[in-house]
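*Asks:* below is the sequence, then the predicted model.
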Amino acid sequence: DIASNNCSWQWVAGAFSSKKYYFNQENVNKYTFSQQRHSFLDKSYEDIMVMDVPAALQATIQLSLPTTLPLTSLPILDTSKPTFIYNSYNMDVLWRKDEDANRILLLEPSHFEKYPVSQKVLQFVIELAKNIKGIQIYTGEITEITNLYRSTSSLYEACIVSKEHPAFSYYPGVKDSRDWMFGEAVGSYHSFSSYYKRVKSS
């Protein structure tokens, strides 16, 4: 199901089943319709499970995946109003849509240095922002937004409003709850599928 398991991420992450995922050359040949032989995978499952890391997989490199963010000016804010912060995890066009506020799509270099994305993903986010009336796009840090309020309000941090998300727990100010597909599921789950079945039935 490409919608819920794109690139077999559940298998790759080991979250599909409590059983570890092993494959060998026979398995690869079967599902890729190939006839490759004598590779380091051309072994029994029993051997695969206990073998050392093959020499061909031991070399590593320091991966560099920079995200090129757009150059922008400091946003123009009406500091008598709050500022709603949007980011790549919150592009909700209906979020507080009837409230009079500044609206900023914040693209923080520090965030994208830690969590890089491709230019296509970034462009997708920017295009989505165009659906939000009055939004300004700003490449910079959240502190630069709060600094715009410092001289006008002793409660400047309360002027910043965002949606709660673990990647942005450092945002100051008011944090609205995220939208949840399901209620809280109590307990421990040995796989993603068992968790999903539990919450889907609740």
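*Replies:* Now that the structure is in, tell me what you want to look at. Numbers count the residues shown, from 1 in each chain.
*Asks:* which stretches of this structure form helices?
*Replies:* 9-12, 25-32, 45-50, 109-114, 119-129, 142-150, 192-201 (DSSP state H).
*Asks:* of all those, which lies closest to residue 78?
*Replies:* helix 142-150 (10.2 Å; Cβ to Cβ). (Each C-beta comes from the backbone N, C-alpha and C, glycine too.)
*Asks:* now that closest one: buried residues?
*Replies:* 142, 145-146, 148-149 (16 or more other Cβ atoms under 10 Å).
*Asks:* touching, residue 56 and residue 41? I think so.
*Replies:* No. No contact is recorded between residue 56 and residue 41 when judged using Cβ atoms under 8 Å, the distance being 10.4 Å.
*Asks:* neighbour count winner among the two?
*Replies:* residue 41 (17 against 8; other Cβ atoms under 10 Å).
*Asks:* tell me the spacing between residue 144 and residue 45.
*Replies:* Going from residue 144 to residue 45 by Cβ to Cβ, to the nearest Å gives 55 Å.
*Asks:* got the buried residues for stretch 23-38?
*Replies:* Result for stretch 23-38 [16+ other Cβ under 10 Å]: buried residues 24-25, 29.
*Asks:* where are the low-confidence patches of the protein?
*Replies:* Residue ranges of the chain with pLDDT under 70: 1-7, 11-12, 14-18, 153-156.
*Asks:* spatially central residue for it, please.
*Replies:* residue 89 (6.8 Å; Cα atoms, centre = their mean).
*Asks:* run through the residues that contact the closest residue to that residue other than its chain neighbours.
*Replies:* Using Cβ to Cβ, 6 or more residues apart in numbering and skipping the chain neighbours, the partner closest in space to residue 89 is residue 165 (4.9 Å). The contact partners of residue 165, by Cβ atoms under 8 Å, 6 or more residues apart in numbering, come to 87, 89-90, 178.
*Asks:* those residues, buried ones only, as a ChimeraX selection?
*Replies:* To isolate the buried ones among the contacts of residue 165 in ChimeraX, judged by 16+ other Cβ under 10 Å, type:
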select :87,89,90
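*Asks:* Throw the contacts of residue 165 into TSV and include distance to residue 81, thanks.
*Replies:* Written out in TSV, the entries for the contacts of residue 165 read as follows (distance: Cβ to Cβ, whole Å):
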residue	distance to residue 81
87	19
89	23
90	19
178	24
